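A.B. asks: Requesting a structural model of the entry that follows:
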Amino acid sequence: MASLRSGLLSVLQNNKIWANSKKVDLTSFQDRSKGQEPKILWFGCADSRVSPEIITQLGFGQLFVNRNVANQFDPEDTNCMAVLEFAVQNLKVEDIVVCGHTGCAGIENFTNDKLPENVKKWIKPIQSIYKEHAEEFEGIKDSSAFSGLLANLNVKEQVKKLAETQVVKDAWAVPQKLKIHGWMYHLPTGLLEDLKVSISNPNKTST
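C.D. replies: Numbers count the residues shown, from 1 in each chain. A predicted model of the protein is given here:
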């Protein structure tokens, strides 16, 4: 059997050190092994700089996470829908957060034809978002401002698509406590921003 590369071997070693250091509280491992009860479903970008557990400072069992390029939600994608169904129907999460971030390569390259085929296919919906809001981009010459606006609009669109799924509609019909939010993570400051695009049960007064 081939040996692990030194980089991966260090990851395993780090895990062993971490696990042993936590063994002073054996119950923490034992309790987590019994199940999970997260209240938040997180749809975020796969970017290595945007780890949800770190930027939110939430611990084990507090976030149910789905991450992909440019934090897309595709109702035709089995993975996206399986995560949504399990989180809403089985875990009974109370909040869904779509979190984008500044400096997102998926956003910045949404018209790049040189990207790998599956990447181009995955982020293609961003082109439609741009076309729908083309007037809002008029006069914007700064690339950071351009991608920042598009990233915000992208988050808003994913929030909207989530609210339109039958899974969410069925939960609201119960009624099940459930609200969808759109956030932005700013890499230069490390701060999360609420984009104020939350959607709650239209048939019930929000709390």
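
A.B. asks: any idea of the mean pLDDT in the helix or strand where A151 lies?
C.D. replies: Applying DSSP states H and E as the criterion places A151 in helix 143-163. What helix 143-163 shows for mean pLDDT is 98.

A.B. asks: ok now that helix, how far from the chain's centre?
C.D. replies: Its chain's average C-alpha position is 13 Å from that of helix 143-163, according to C-alpha atoms, centre = their mean, to the nearest Å.

A.B. asks: Which of the helices and strands in this protein ranks last by mean pLDDT?
C.D. replies: The helix or strand of the chain with the lowest confidence, counting by mean pLDDT, DSSP states H and E, is helix 26-32 at a mean of 73.

A.B. asks: Report the next helix or strand after that one in sequence order.
C.D. replies: Heading C-terminal from helix 26-32 (DSSP H and E), you reach strand 40-45.

A.B. asks: what's in contact with that next one?
C.D. replies: With contacts defined as C-beta atoms under 8 Å, 6 or more residues apart in numbering, strand 40-45 is touched by 50, 52, 58, 62-71, 73, 80, 83-84, 87-88, 91, 93-101, 104, 106, 158, 162. Yep, even glycine has a C-beta here, placed from its N, CA and C like the rest.

A.B. asks: Helices - which of those land there?
C.D. replies: Members of the contacts of strand 40-45 lying in helices (criterion: DSSP state H): 52, 80, 83-84, 106, 158, 162.

A.B. asks: quick one on the thing from earlier: can you pull the buried residues of the helix holding A151?
C.D. replies: 147-159, 161-163 (16 or more other C-beta atoms under 10 Å).

A.B. asks: Repeat that for stretch 168-187.
C.D. replies: 168, 171-172, 177-185.

A.B. asks: Now restrict the contacts of strand 40-45 to buried residues only.
C.D. replies: Buried members of the contacts of strand 40-45, scored by 16+ other C-beta under 10 Å, are 50, 52, 62-66, 68-71, 73, 80, 83-84, 87-88, 91, 93, 95-101, 104, 106, 158, 162.

A.B. asks: returning to what we had before: contacts for the helix holding A151 next, please.
C.D. replies: 43, 70-75, 84, 96, 98-104, 107-108, 110, 125-126, 129-130, 133, 136-137, 140, 168, 180-184, 195, 197-199.

A.B. asks: and the angle from it to strand 40-45?
C.D. replies: Helix 143-163 runs at 140 degrees relative to strand 40-45, counting by axes from the mean of the first three to the mean of the last three C-alpha atoms, to 10 degrees.

A.B. asks: who's in contact with the next helix or strand along the chain from helix 143-163?
C.D. replies: Where DSSP H and E defines the elements, the next helix or strand beyond helix 143-163 is helix 166-173. Applying C-beta under 8 Å, 6+ apart, the contact partners of helix 166-173 are 81, 84-85, 88-89, 96, 162, 178, 180, 201-204.
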